[in-house]
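>>> The following block contains a protein sequence and its predicted model.
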Amino acid sequence: MLQINYIRENTADVKKRLAKKHVKDVDQIIDSIISLDEQKRAAQLQLEKNLAEGNQLAKQIGELMKTGKKEEAESIKARTVELKESSKSVEEKVKNLEDELFSVLVTLPNLPNEIVPEGKTPEENLNVFQQGEIPKLYEGALPHWELASKYNLIDFELGNKITGAGFPVYKGKGARLQRGMINFFLDEAMKAGYTEIMPPLLVNADSGFGTGQLPDKEGQMYHVGVDDLYLIPTAEVPITNLYRDVIVKEEDLPIKNTGYTPCFRREAGSYGAHVRGLNRLHQFDKVEIVQIAHPEKSYELLDEMVNHVKGLLEKLELPYRILRLCGGDMSFASALTYDFETYSAAQERWLEVSSTSNFENFQSNRLKCRFKGKDGKNHLVHTLNGSALALPRIVATLLENHQTPEGIKIPKALVPYVGFDMIN
RNA sequence: GGAGAGGUGCCUGAGUGGCCGAAAGGGACAGUUUGCUAAACUGUUGUACUCGCAAGGGUACCGAGGGUUCGAAUCCCUCCCUCUCCGCCA
């Protein structure tokens, strides 16, 4: 959530940057926010004056009662009754204005960093880095969903039966590949200084709000109605919310946590082309890296995270590229996002396998996660996170790109984790 | 699921209508002392909003929301949460 003070003091800049994210009617929305804020503060001032006088009088009454001057006390009481009456309506006004202001503020996305490219669609994302050779597959090479069934790795039909579409069943070497990769990613994160967290997979609404899923993406999360809990769409939610309502020590920054969790996404409305096999699932596995950072260091740390993900993809021997997302393709809460895509040779397309972002203080303002600075004041931290990595599309490209007529070769780095070097 | 207890500041914990934004202890931080460490002593130590150039004010917050009252951490109502015991169970 954007800070009202920032909007007040940087109105023109806020308008300009929100326009980059293609917010409709920005000028009008911001102007109405400014006006609501002014009205709110004016009303609040009036209310506080009333309350201050009331407090003052109440004290006097106390004194008078103690010294036995009942009549005098009674006469003052009349004034307090008056004050109370007028406070009531002003208080209501303040509350209404506050609610209105809040409800507009939560709908505004984060401001994009200045290096975010202009653009509306994924085609306008900026390709900032590409590495690895795009493999030439032999005649008769298969897409991963056919490989998965040929080698009995993943059973999509069984998943349909016991749950529904988008819930695959991993079997045998397919299952071991999942488990091995999870361990591999966690170990790599640990080597990079992240602390492993094993969080709950269900979160409450406050947590959903803290990281920005609520109210923006309510429909994308599975909701357990009886208990009013949400299945996490990413480990980012519980791991970042660890620091909700926390004032961290400045010298503890950056705080680096990682965690493996299954992720649950309803993906409502995203059926159609390109959702076959592992390309889009309702449940998938992911290792996430999360940082709580000093505002002055957050972009440095974003680069560090990007490098970490690069290293993973290189160890997996997959061709990949990095995109700096344009204003129109970025997520609601992000200030700067790098997407990683691996090239799937059998599908002849790029698949997103990681999204690494700096949220600056957009999440921390909701989370109320702060640190006490050397100036003695509290400041919002910056939060960052990235997939390192999401499994399904990695598995898809891995199966497709590393297939040979004799079977699928497992990258060297993974062999110790999965316990075999070939799927055949 | 049944029964009971309780939610107060960084923590423990007192307060039960005005002197309470809140005792005391612990912790943390700073200073004194000190060869170093420890100990001791002294001091500081909540958050948010808001007014003000500033100095400095004001308001709110003792789980949440309502109510009673001139005045509520304290009394009343509703809700939420946590803990203990029993039952069930991985």
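Cool, the structure landed. Numbering: from 1, shown residues only, chains lettered A, B, ... in the order given.

>>> Look up the closest residue to A:Ile61, ignoring the ones flanking it.
Leaving out its chain neighbours, the residue that sits closest to A:Ile61 by Cβ to Cβ, 6 or more residues apart in numbering is A:Ala73, at 4.8 Å. From N, CA and C alone the C-beta is placed, and that goes for glycine too.

>>> same question but for A:Arg370, I mixed them up
A:Asn378 (4.2 Å).

>>> where's that neighbour relative to A:Lys297, distance?
Going from A:Asn378 to A:Lys297 by Cβ to Cβ, to the nearest Å gives 17 Å.

>>> Same question for A:Phe340.
In this structure, A:Phe340 lies at 22 Å from A:Lys297, with Cβ to Cβ as the measure.

>>> cool, and A:Val14?
24 Å.

>>> Quick one: neighbours of A:Asn365, just the number.
21 (other Cβ atoms under 10 Å).

>>> Wait, a strand at it?
No: assigned with DSSP: H, G, I helix; E, B strand; the rest coil, A:Asn365 falls outside any strand and is helix.

>>> how about it, what does it touch?
By Cβ atoms under 8 Å, 6 or more residues apart in numbering, A:Asn365 lies in contact with A:Met1, A:Leu2, A:Gln3, A:Leu380.

>>> hang on, the earlier thing: and the residue nearest to A:Ile61, what helix or strand is that in?
A:Ala73 belongs to helix A:70-105 when assigned by DSSP states H and E.

>>> all helices for chain A, in order.
Secondary structure of chain A by DSSP state H: the helices cover A:4-9, A:11-20, A:26-66, A:70-105, A:144-150, A:156-162, A:173-191, A:205-210, A:236-241, A:298-315, A:362-367, A:391-401, A:415-418.

>>> low pLDDT regions in chain A?
Applying pLDDT under 70 to chain A flags residues A:269-274.

>>> before we move on, the earlier item: of A:Val14 and A:Lys297, give the one with the bigger neighbour count.
Higher neighbour count among A:Val14 and A:Lys297: A:Val14, with 20 against 14, using other Cβ under 10 Å.

>>> thought A:His144 was touching A:Leu278?
Yes: assessed by Cβ atoms under 8 Å, A:His144 is found in contact with A:Leu278 at 6.1 Å.

>>> Between these two, which is the more surrounded one?
Using other Cβ under 10 Å as the criterion, A:His144 and A:Leu278 rank with A:His144 on top: 27 against 23.

>>> List the residues that contact the more buried one.
A:Gly277, A:Leu278, A:Ser344, A:Ala346, A:Gln347, A:Val395, A:Ala396, A:Thr397, A:Leu399, A:Glu400.

>>> Closest to RNA strand B out of the residues you listed?
A:Val395 (28.5 Å; Cβ to the nearest atom of the strand).

>>> Tell me how many other residues crowd the residue of the stretch 301-424 of chain A found nearest RNA strand B.
The minimum distance from the stretch 301-424 of chain A to RNA strand B, using Cβ to the nearest atom of the strand, falls at A:Asn378 (3.9 Å). Counted with other Cβ under 10 Å, the neighbours of A:Asn378 add up to 12.

>>> contacting residues for it?
Taking Cβ under 8 Å, 6+ apart, we find A:Asn378 in contact with A:Ile247, A:Arg370, A:Phe371, A:Lys372.

>>> Those residues in strands, which ones?
Of these, the ones assigned to strands by DSSP state E are A:Ile247, A:Arg370, A:Phe371, A:Lys372.

>>> Which members of those are the farthest-apart pair?
Across the ones in strands among the contacts of A:Asn378, the longest distance by Cβ to Cβ is 7.4 Å; it joins A:Arg370 and A:Lys372.

>>> Find residues that contact each of these two.
Jointly contacting A:Arg370 and A:Lys372 under the rule Cβ under 8 Å, 6+ apart are A:Ile247, A:Asn378, A:His379.

>>> just checking, the last one touches A:Ala293?
Looking back up the chat, that one is A:His379. No: taking Cβ under 8 Å as the definition, A:His379 is not a contact partner of A:Ala293, at 11.6 Å.

>>> More neighbours: which of the two?
Taking neighbours as other Cβ under 10 Å, A:His379 and A:Ala293 compare with A:Ala293 leading, 24 against 16.
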